[in-house]
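Peer 1: My questions concern the predicted model and sequence given below.
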Amino acid sequence: MAKLELKGLKKAYGSVDVIKGIDLTIEDGEFCVFVGPSGCGKSTLLRMIAGLEDITDGTFAIDGERMNDIAPAKRGIAMVFQSYALYPHLSVRENIAFGLKVRKTPKAEIDSLVNQAVTMLQLEKLTERFPRELSGGQRQRVAIGRAIVGQPETFLFDEPLSNLDAELRVHMRTQISELHSRLKRTMIYVTHDQVEAMTLADKIVLLRGGKIEQVGSPRDLYERPQNIFAAQFIGTPKMNIFDLENDFSELRGRLNFPAQAHYCGVRPDSFEIVPKDEGLLAASVRLVEYLGNATLVHAQIDGHEPIIIEQPVDTQLKSGDTVYLSVRPSQMHIFGPDGNRLP
């Protein structure tokens, strides 16, 4: 078992606060993804859990046991880094077995554990190759295999796919997800890619500036973002935001918004193009992007920054056209003056 609890966790480098008080519980067997923009503290938080960074304040516990001063090797944790960190002079099999040999594990047990990992990660035909003879995805699988054979209770992944091309990232995401299903171990995964977060996670932890902005399932964060930051970070393309107090005050009179409503958010695929007399907004088309499975329409509303409208692939819109837009009230996200979601 590996239930992780973070209470008031802080990290400072001198006078600079990097992690500013994190309270979080990660349940046994859960796949938790830390996501957020560069510099938000997600990798630092992961390294604190691993024991590679000291904890300035607060408590980190695994299954109720305080871990603040426990050595990394005794935490029951394995970490997979962005860089593969393979030994270039060792074969695939030797790289995977290296940690077991250092711990003086009996040879028969080493062979059994390595064979299991090789089979699980489909590396059977590569065991005698050296890292220089492998692709990026194969090297990453070897690094994961090295972590698996240690039989940790918790796996930590620090942006493991960022060095791979787009097609290989999709393939490796599938393999990591299947690995979690097989092993049923607690996994924490750091990424700046919200698509990875949405497709892998049981629980997403969205970070900004060393603090948690929102915790929940991918569906929670997409359908009920708790503030404008979460609303625009999760979802591609990002949510369109309208200021009801200034640029779009006329919408307040036409729609039944709460008195404290200050901002209205609309996802690109929530817009409907309607006849002029049914439209809430008029916009001029600036650019039409064909993506194969959808069309993105970049449009300009007078006095406002451009918006994005997602349309079917067969749309006939072109630059210079005027469109009239409507949105169902159930698909609007309403935020107060502080940017937080209103009930």
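Peer 2: Happy to help now that I have it.
Peer 1: buried ones in stretch 126-141?
Peer 2: Buried residues in stretch 126-141, counted by 16 or more other CB atoms under 10 Å: 126, 127, 130, 131, 134, 137, 138, 139, 140, 141. (Each C-beta comes from the backbone N, C-alpha and C, glycine too.)
Peer 1: any residues touching it, and which ones?
Peer 2: 80, 84, 86-93, 95, 118, 121-123, 142, 160-161, 163-165, 168, 171-172, 175 (CB atoms under 8 Å, 6 or more residues apart in numbering).
Peer 1: Just the CA coordinates for the helix or strand hosting residue 190, please, in PDB.
Peer 2: For residue 190, the host element (DSSP states H and E) is strand 186-191. The C-alpha trace of strand 186-191 is given here as PDB (Å, rounded to 0.1, in the frame of the first residue of the first chain):
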ATOM      1  CA  THR A 186       0.400   4.600  -6.800                       C
ATOM      2  CA  MET A 187       1.800   6.700  -9.600                       C
ATOM      3  CA  ILE A 188       2.600  10.500  -9.700                       C
ATOM      4  CA  TYR A 189       3.300  12.000 -13.100                       C
ATOM      5  CA  VAL A 190       4.600  15.500 -13.800                       C
ATOM      6  CA  THR A 191       3.800  17.200 -17.100                       C
END
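Peer 1: after that strand comes which helix or strand?
Peer 2: Assigned by DSSP H and E, the successor of strand 186-191 is helix 194-200.
Peer 1: Worst mean pLDDT across the helices and strands of the protein, which element?
Peer 2: Lowest by mean pLDDT, DSSP states H and E among the helices and strands of the chain is helix 249-254, with a mean of 73.
Peer 1: Could I get the buried residue list for that helix?
Peer 2: In helix 249-254, counting by 16+ other CB under 10 Å, buried: 251, 252.
Peer 1: could you point out which element follows that helix?
Peer 2: Beyond helix 249-254 on the C-terminal side, the first helix or strand identified by DSSP H and E is strand 263-266.
Peer 1: tell me which strands and helices that following strand is in contact with?
Peer 2: Strand 263-266 sits against helix 228-233, strand 240-243, strand 332-335, with contacts defined as 3 or more CB pairs under 8 Å, 6 or more residues apart in numbering; DSSP states H and E.
Peer 1: go with 10 Å
Peer 2: helix 228-233, strand 240-243, strand 307-311, strand 332-335 (3 or more CB pairs under 10 Å, 6 or more residues apart in numbering; DSSP states H and E).
Peer 1: Give the buried subset of the contacts of stretch 126-141 as a ChimeraX selection command.
Peer 2: A single ChimeraX command selects the buried members of those (16+ other CB under 10 Å):
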select :80,84,86,91,92,93,95,118,121,123,142,160,161,164,168,172,175
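Peer 1: ok, which stretches of the stretch 101-250 of the chain are strands?
Peer 2: With DSSP state E, counting those that start in this stretch as the criterion, the stretch 101-250 of the chain has strands at 154-158, 186-191, 203-208, 211-216, 240-243.
Peer 1: Given the first one, what are its sheet partners and their directions?
Peer 2: According to DSSP bridges, strand 154-158 forms sheet pairs with strand 77-80 (parallel), strand 186-191 (parallel).
Peer 1: Just the C-alpha atoms of that strand, please, in CSV.
Peer 2: These are the backbone C-alpha positions of strand 154-158, laid out as CSV (Å, rounded to 0.1, in the frame of the first residue of the first chain):
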residue,chain,number,x,y,z
THR,A,154,5.0,4.3,-5.7
PHE,A,155,6.3,5.4,-9.1
LEU,A,156,7.3,9.0,-9.8
PHE,A,157,7.5,10.2,-13.4
ASP,A,158,9.1,13.6,-14.1
